[in-house]
Every structure is written in C-alpha cells, then in structure tokens.
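S.K.: Attaching a predicted model along with its sequence, questions to come.
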Amino acid sequence: MTMTTTTRIIAAPVVPSTGALRPLGVDEVHITDGFWAQRQRVNGSATLPHIEHWLEKDGWLANFDLAASGTLPAGRRGREFSDSEVYKYLEAVAWEIGRRGTDAAFEARFRAVVDRVAAAQEADGYLNTNFGRRGQGARWSDLEWGHELYCLGHLFQAAVARERTRPGADDGLLGVATRAADLVCSVFGESGIQSVCGHAEVEVGLAELGRLTGEPRYLAQAALFLDRRGHGTLADIEWGRSYFQDDVPVREAEVLTGHAVRANYLAAGAVDIAVEGDDTELLGALGGQWERTVARRTYVTGGQGSHHQDEAFGEDWELPSDRAYSETCAGIASIMFSWRLLLAEGGGSGADGRPDGRYADLIERTLFNVVATSPSDEGTAFFYANTLHQRRPGEPAPSDVMSPRASSSLRAPWFEVSCCPPNVARTFASLAGYLATTDDDGLQLHQYASASIRTRLADGRLVAVDVATRYPDDGTVTVTVTDDMPEATTISLRVPAWAASASLVLRAVDGSIETVDSSPGYASIRRAFSSGDVLELSLPMRARFTVPDPRIDAIRDSVAVERGPIVYCLESVDLPAGAGAFSGLQVDRTADPDDRGDGVSVLLRTASADAEAWPYTTTDAAGPDAEPVEAPLVPYHRWAQRGPSTMRVWLPVHHAR
C-alpha cells in the first residue's frame, strides 16, 4: 500500500500527517443500517443524555461552576479525575454532531457545557477543579495520582473532535485547549518539571492537538513525556513502577505491562510520536510490543487486563476467566493503539509480505466482544469490567445510585469511577472513522457495516461506494460503486484471520465477472470501475470450536465457541437446572457446534459425583456418562441482557470413559 501524506482537515479521531493509510472522517463514511447503526442510534438518543444527567446529578459538571465562582473546594464532588468525564462527554457530543449534521439540540447542549468549562479556566490557562486553590493540593503536586495532565489530555481530544467536525466553531473550546496546552509546555518543557503524569493520556491529546493546529511545541512536549517515562521518574508504589509504565523506557519494553488502560494510551501516543518524528526504531518497538501482548496477554474476547487490584496485565499466559478484569476502557485504548499501527503500517505484514489484517482483526474482535458488551440494549447501564466466567447470578444495580467500579455483577447506570460510559459514547459516536481508509491507489474496508462512503484520493479522484451487509449475522458484504472511476483504482476488503478462505467476486455492469480467492489478509481488485459495478465478499460464517494455547493453564482442556467475529457464551438462564448446573458441565466435542442460522448450540454432558465426598482421589471419581443435552449459546456481548445469570465462555471438554 502506498505511503500517503495528509494535508486537509479530516473529521476523524486520528489524523497522522503521514502513513501507509489515510483515515476517513465521519462526514465521509456514514453507517446506515445494521448492528453498529443501532448502537449509534441508541448512543445518540439515550446514552449521551444519560451521561449528562449523571454529570449534573453527581455534581461533576457543577464543579466547574464552583471553580468559576471561586467557592472551591467547598462542595466539590467526585474523584480527582472527574473533570475528564466531562471532557469525554464533550468529545462524544462533538462526534455525534459531526455524524448527524446540523442538530440544534445537541449544539445547544454542547455550547452550554463548554461555557461552564471555559469559565473555570484560570488566566494562565490552568484548568482543574481539584488542585490549585486554598484548601486544595498545589498544582502538579501529585503527579502519580492527581490526573491533572490526564484530564487535560481528554480536554485536548474534545477540542480536536470539535474543530474537525465544525471547523472554526465560535464556542471557544479550541482556545481553552490551546491555552492549557501552552501552559503544559511552559511548565513541563525542557527546563521545567522533569516528570510525567501517572496516567498516560496527555501524550495522545498533545499529539493530536499538534496535528490539528500545526503547533510543533505540542508534539515536542508529547515526545518529552514519552522519553522521560521508564526511568523511575514517579514515586514507587506497592505494585511497582510498572503500574505507571515507569520501570522500563518505552523503546526498550518488550510487552505491555502494568495498568492496562495506561499502557495502551501510552502506546497509542507513542505511535503518534513515532509517526510524526519518522522514528522507525520506536515504531518497530511498539509493533513488537503489540504482537507479544496479543499473543500472550489478551483474552479471546480481545479484552486486556487480568488483575483486579491494579487493573493490570498479568504475566504471560495469565488469563483466568473468572478473574478477568478486561476493563471496557482498556479495550477502547487497545483499539486506539491498533488503529494507529494500522494507519502507520497498512495492516501489518504476514510471512508473504502481504498486509495480513492483524490490527483490524483485533479491533473487530474488541469492538464486538468488549466495547459492545459494556452497554445495555437501552444504552443506560454499563459493564466496567468484562469477566469471562460469572460464578454467581448478579444483583441488579439501583437505577439512581452510583456503583463502586467493577463490583457490579450486572450492568450499572453509573460508577464512582465512571470512565467507561463516556469512553463507550465517544467510541460509538466516532465509529464511522474506523471503518475505511484510502491510500494513493484506492480504498480499503477494514470493518464491515452497511454504510455510504464518499471520499477523494490525494490526486482528487472520487471514490463513492455503498456497502450493504447483515454482518456479523451473515458473511456476505456487498459493495456497489455509485460513481464512475475511469482511472484504475484498487478496492480492498479485509479477510479476517478466522476465515480460512474467502472469495471476492466483481460483477461489472458490462457483464464481465472477476473472481479473487483469498486467504486471510486483504482481497483486492484493481481496475477502472463504472457506476453499478458490484463487488461481493463471501466469508464462511460457521460456528467453530476455539482451543486455547496449553500455556494458558486456567483454561487448559476447555474450548470456546465463535462464529465469525462473535464469541459465544453459555448462560444459566438457558439451562433447565439453572445457575447451580454449571459446575459439572462439559462440552461434547464429538459433535460440532450446531449453527442453524437462528442460533448456535452445543452438546453438553453432566459429570456426576458425590457432592459431599472429599474431592481429590487417585481415580476418576465421576459417575457414568450422562446423556448429552443440547444447550443454546448466546453472543457474549448479549450476556446478562435477560437478567441475573451465571455465565462462562470457556467450556470444559468431556472425555468419554
């Protein structure tokens, strides 16, 4: 794929100045129907109002009013990082406005919140409701835990989203962000405070703000923060400096470690810095970290983070299902990291040198099985953590009370640490920006949804197609060319790694037919296209057993069931014996998963034994084989939508005696 340079404003979350691929904006790609269109509709109609309600209800928005009136710290509510949730909400609304077009109601709400934020900014650009006033900690006095720079990183991303979707908007948010960024550069520059933020995020925000404004100091400051980390800059803590990614310099790290959200945010920012600085050595190191993390420290759902106490990665192969933390925000941060690598490298190269789609594959897995799992169907309750094995039925969370983070056994409306709901909201609102890219030669489709795509290549050539699909329910993706492309152009469609083979067929309006059989990677057709030409990708959508690497000892001798990009699970609400039946269930591998189009099921056997006996013997204590029972599975992202249940993704294998 051709290296390309970006010069125009693109309404997308990430816009590198150079790279193998050029992102498309939410004004160029419109999701029109299907799975993700429904998620976007619910996000706009229910989730965003829900978030604003809670920001008001719990006083996190009012903190800015108190700051503006000079009455803080009295009355301040929320954790030290609550400002960031307001900024993520603003970012989500900015993308939603960009996605919808003119929307007076959203525009009014956006401007009202910006006014309250702007009023709290101090004359020198400082903006934080938890530090800097009499009775509060001094500015920058708690870089390990204070989150001041982290919050500003989210402010910068909100301003970028607004300016890219509404260039020249007169709401003042960009000015608020640049004044704060100027202060950061002054305070933390070469001769300033020689430290970093305990929670990486400002690096991503500074890099994107620098790309937007053309201000080189912002990118330079992001690079300074990156180079300072890993040298014991921050004070040590009980979990070690690896929690902050401050134990090993980024260039020397072999795998992501520590707090999973922090690690992925830092890696995403590091890709930005590597790309803008043409630092191939750093980019190569990050690619290696991505590969080892995916191979050794990532759940089958795409989730990352196996420790609850520090929300962190475990050691290699430490992936217990019942203790999976797999924070929703870590999944979103992982997507940010993968997307940046995809834009920089063009998809990753397999052994044959072809783009192998590895980055887009992980993005797809994580979107469907982590990000889509978090919100309820109504969009007003969320999982913070995403376990793969629920041992006891959950308890419904009160609708009007905040839940402690990750402790809710069912989706909860809001959390004391409520980073995940607005993170989900900004991801769904900007999702169209992750579907497709261009290079100097054509168009690439990385994620599949019914969509309308209208864009131009760097030389001005129009590329206009409509995508129709029922994916992931069905494996057929149809791309219809809606405007002539008289010059030879390449259209590429990703063939996921789970698809052993696929075919791409072109049916041209002149009656010609061209067929490309493809293994995982990208299937491409290059030619002059006419309006009405149709490309049809057929992916083999069959339920399949997935076997874990035996080094993952927590799930050895178990299998999961997948169909296309969807991970399935077994819920107790589908078992006659209910929640208590799980302990003896084993899957019968003599029969493949039954995939009838309207659902997936497996054969289960129950191993019987004396429940009161000593559970350790020298022989197999199980009784005779029970008759197999067919049990339906549900997509993991739908678990607990029907009420309290126990659940498991990995099913122990039955061995005939």
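M.R.: Perfect, thanks for sending it. Residues are numbered from 1 along each chain as shown.
S.K.: Would you mind measuring from residue 530 to residue 508?
M.R.: 7 Å (C-beta to C-beta, to the nearest Å). All C-beta atoms are positioned from the backbone trio N, CA, C, and that covers glycine.
S.K.: Settle it for me: which of the two has more neighbours?
M.R.: A direct count of neighbours by other C-beta atoms under 10 Å for residue 530 and residue 508 places residue 508 higher, at 17 against 14.
S.K.: From the structure, what's the count of residues near the nearest residue to the more buried one once chain neighbours are set aside?
M.R.: Among residues not flanking residue 508 along the chain, residue 533 sits closest, at 4.9 Å (C-beta to C-beta, 6 or more residues apart in numbering). Here the number of neighbours of residue 533 (other C-beta under 10 Å) works out to 24.
S.K.: And for the one 3 residues further on?
M.R.: In terms of burial, residue 536 registers 18 neighbours under the definition other C-beta under 10 Å.
S.K.: Tell me the buried residues in stretch 596-613?
M.R.: Across stretch 596-613, burial judged by 16 or more other C-beta atoms under 10 Å covers 600, 601, 602, 603, 604, 605, 606, 607.
S.K.: now, which of the residues you listed sits nearest residue 120?
M.R.: Nearest to residue 120 among the buried residues of stretch 596-613: residue 600, at 51.6 Å, using C-beta to C-beta.
S.K.: so after the lengthiest strand in the chain, what's the next helix or strand?
M.R.: For the chain, the longest strand by residue count, based on DSSP state E, is strand 485-495. Proceeding N to C from strand 485-495, the next assigned helix or strand is strand 502-507, under DSSP states H and E.
S.K.: Let's test this: mean pLDDT of the strand or helix carrying residue 85, rounded?
M.R.: Following DSSP H and E, the helix or strand that holds residue 85 is helix 82-100. Helix 82-100 comes out with an average pLDDT of 97.
S.K.: Which parts of the stretch 351-500 of the chain are strands?
M.R.: Assigned by DSSP state E, counting those that start in this stretch, the stretch 351-500 of the chain shows strands spanning 389-390, 436-439, 442-445, 450-456, 462-469, 476-481, 485-495.
S.K.: end to end, how far does stretch 315-327 reach?
M.R.: 17 Å (C-alpha to C-alpha, to the nearest Å).
S.K.: buried stuff in that stretch?
M.R.: 317, 318, 319, 320, 321, 323, 324, 325, 326, 327.
S.K.: which ones are touching the last one?
M.R.: Taking C-beta atoms under 8 Å, 6 or more residues apart in numbering, we find residue 327 in contact with 260, 261, 303, 305, 311, 384, 385, 386, 406, 420.
S.K.: Can I get stretch 575-590 in CSV? Just the C-alpha atoms.
M.R.: What follows is stretch 575-590, C-alpha atoms only, in CSV (Å, rounded to 0.1, in the frame of the first residue of the first chain):
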residue,chain,number,x,y,z
LEU,A,575,-30.2,-24.4,31.4
PRO,A,576,-33.1,-26.4,32.9
ALA,A,577,-31.2,-26.7,36.2
GLY,A,578,-30.4,-23.0,36.3
ALA,A,579,-27.4,-21.4,37.9
GLY,A,580,-26.4,-24.5,40.0
ALA,A,581,-25.8,-26.7,37.0
PHE,A,582,-22.5,-25.1,35.9
SER,A,583,-20.0,-27.0,38.0
GLY,A,584,-20.5,-30.3,36.3
LEU,A,585,-21.0,-29.2,32.7
GLN,A,586,-18.7,-30.5,30.0
VAL,A,587,-18.9,-29.9,26.2
ASP,A,588,-19.2,-33.0,23.9
ARG,A,589,-16.5,-32.5,21.2
THR,A,590,-17.8,-35.4,19.2
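S.K.: hmm, back to that, what comes up buried for the helix or strand that the helix holding residue 85 is followed by?
M.R.: Sequence order places helix 104-119 as the next helix or strand after helix 82-100, per DSSP H and E. For helix 104-119, a neighbour-count test (16+ other C-beta under 10 Å) marks 106, 107, 109, 110, 113, 114, 116, 117, 118 as buried.
S.K.: Stretch 237-255 now?
M.R.: Residues of stretch 237-255 classed as buried: 241, 242, 243, 244, 245, 246, 247, 248, 250, 251, 253, 255 (neighbour count, 16+ other C-beta under 10 Å).
S.K.: So the fifth one sits against residue 229, correct?
M.R.: Yes. Counting by C-beta atoms under 8 Å, residue 229 is a contact partner of residue 245 at 6.0 Å.
S.K.: Pull up the overlap in contacts between those two.
M.R.: With C-beta under 8 Å, 6+ apart as the test, residue 245 and residue 229 both reach 200, 266.
S.K.: how about the strands of the stretch 351-500 of the chain, which one is nearest residue 633?
M.R.: Closest to residue 633 of these, according to C-beta to C-beta: strand 389-390, at 14.2 Å.
S.K.: just checking, what packs against the closest one?
M.R.: If you count contacts as 3 or more C-beta pairs under 8 Å, 6 or more residues apart in numbering; DSSP states H and E, strand 389-390 packs onto strand 647-648.
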